[in-house]
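J.: 3D model of this:
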Amino acid sequence: MFCRYHLWYFGFATQKCHVQSSKVKHMPRDYGQLAPNKVRRQDREVTDKSWIRAFLSKAPYGAFATVNDDRPFINSNLFVYDEADHAIYFHTARVGRTQANVDADEAGVAVCFSAFDMGRLLPAPKALEFSVEYQGVVAFGTGTIVRDYEEATRVLQLLLDKYAPHLKPGEDYEHINEEELKRTAVFKIAIESWSAKKKEVDADFPGAFVYPIGG
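T.: Prediction:
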């Protein structure tokens, strides 16, 4: 069901979308009391840390959620996962809403991150049973601005190496310099917890198709 896909990634929870079989009785849960990385559909949960690390290393983009004055804000952006630091990094312009939200507390602010990949759409005889293949990771942690020049330079080079591995600094483009860093804000999410989910069906699933049709 499409609803399940969107609910998990964007964190919304409405009783209208929680369709349950009449043959199975479910005890109500207070999800507000559970750990933020608790997965509802444990049959689709991925707990293999090596899989999660590999997914974060190759995912092309992610969404970063911050809050300021009770107002949520999402920044969709390129990013790099540094396994050695167990952290996610991205960058924006020196000024902007993300910078203001993260800079609200020098000690760091609570941040949520999501990266996902959509597979094939899965039709069904009933509209309610339509579904989709997917895989993704949600991470929770503390967001800070990287203020150290050497560290910021290292992180930006990690980003360049991820997205342009065939190009070399000093040969194909100039090295990062201090003037460029003055116009850039580099952010770090120190990961405190994460969760992952994956749904994949057989290759011959009846009617499965890629969106958009013909794309």
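
J.: Going along the chain, name the strands of this protein.
T.: According to DSSP state E, the chain carries its strands in the segments 62-68, 71-77, 80-82, 87-93, 109-122, 131-145, 184-199.

J.: Tabulate those strands (TSV), appending mean pLDDT.
T.: Shown next, in TSV, are the strands of the chain (pLDDT from 0 to 100):
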stretch	mean pLDDT
strand 62-68	94
strand 71-77	95
strand 80-82	98
strand 87-93	96
strand 109-122	96
strand 131-145	97
strand 184-199	96
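
J.: Out of the ones you listed, which gets nearest to residue 43?
T.: For the strands of the chain, proximity to residue 43 was assessed by C-beta to C-beta; strand 184-199 is nearest, at 9.4 Å. The way it works is simple: take the backbone N, C-alpha and C, and place the C-beta from them, glycine included.

J.: With only the CA atoms kept, save that closest one in CSV.
T.: Extracted as CSV, the C-alpha positions of strand 184-199 are listed here (Å, rounded to 0.1, in the frame of the first residue of the first chain):
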residue,chain,number,x,y,z
THR,A,184,30.3,27.5,2.6
ALA,A,185,28.7,26.0,5.7
VAL,A,186,29.6,22.3,6.4
PHE,A,187,27.3,20.3,8.6
LYS,A,188,27.9,17.2,10.6
ILE,A,189,25.3,14.7,11.9
ALA,A,190,26.8,12.6,14.6
ILE,A,191,24.7,9.5,14.3
GLU,A,192,23.2,8.2,17.6
SER,A,193,20.7,5.7,16.3
TRP,A,194,19.4,4.5,12.9
SER,A,195,16.9,2.1,11.4
ALA,A,196,16.5,0.6,7.9
LYS,A,197,13.7,-1.1,6.0
LYS,A,198,13.5,-2.9,2.7
LYS,A,199,10.8,-4.4,0.6
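
J.: Tell me which other helices or strands it touches.
T.: Contact partners of strand 184-199 among helices and strands, from 3 or more C-beta pairs under 8 Å, 6 or more residues apart in numbering; DSSP states H and E: helix 49-58, strand 87-93, helix 97-102, strand 109-122, strand 131-145, helix 149-163.

J.: Buried residues in the first one, which are they?
T.: By neighbour count on 16 or more other C-beta atoms under 10 Å, the buried set for helix 49-58 is 52, 55-56.

J.: Turn those into JSON lines, columns for pLDDT and distance to residue 31.
T.: Listed next are these as JSON lines, based on pLDDT from 0 to 100; distance: C-beta to C-beta, whole Å:
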{"residue": "52", "pLDDT": "97", "distance to residue 31": "22"}
{"residue": "55", "pLDDT": "97", "distance to residue 31": "24"}
{"residue": "56", "pLDDT": "98", "distance to residue 31": "25"}
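
J.: quick revisit: dump the helices and strands packed on strand 184-199 to CSV, plus distance to residue 191.
T.: Output for the helices and strands packed on strand 184-199, formatted as CSV (distance: least, C-beta to C-beta, whole Å):
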stretch, distance to residue 191
helix 49-58, 9
strand 87-93, 6
helix 97-102, 15
strand 109-122, 8
strand 131-145, 5
helix 149-163, 15
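
J.: Which strand residues bridge the most centrally placed residue in the chain?
T.: In the chain, the residue lying closest to the centroid (C-alpha atoms, centre = their mean) is residue 114, at 1.7 Å. When bridges are called by DSSP bridges, residue 114 pairs up with residue 63, residue 138.
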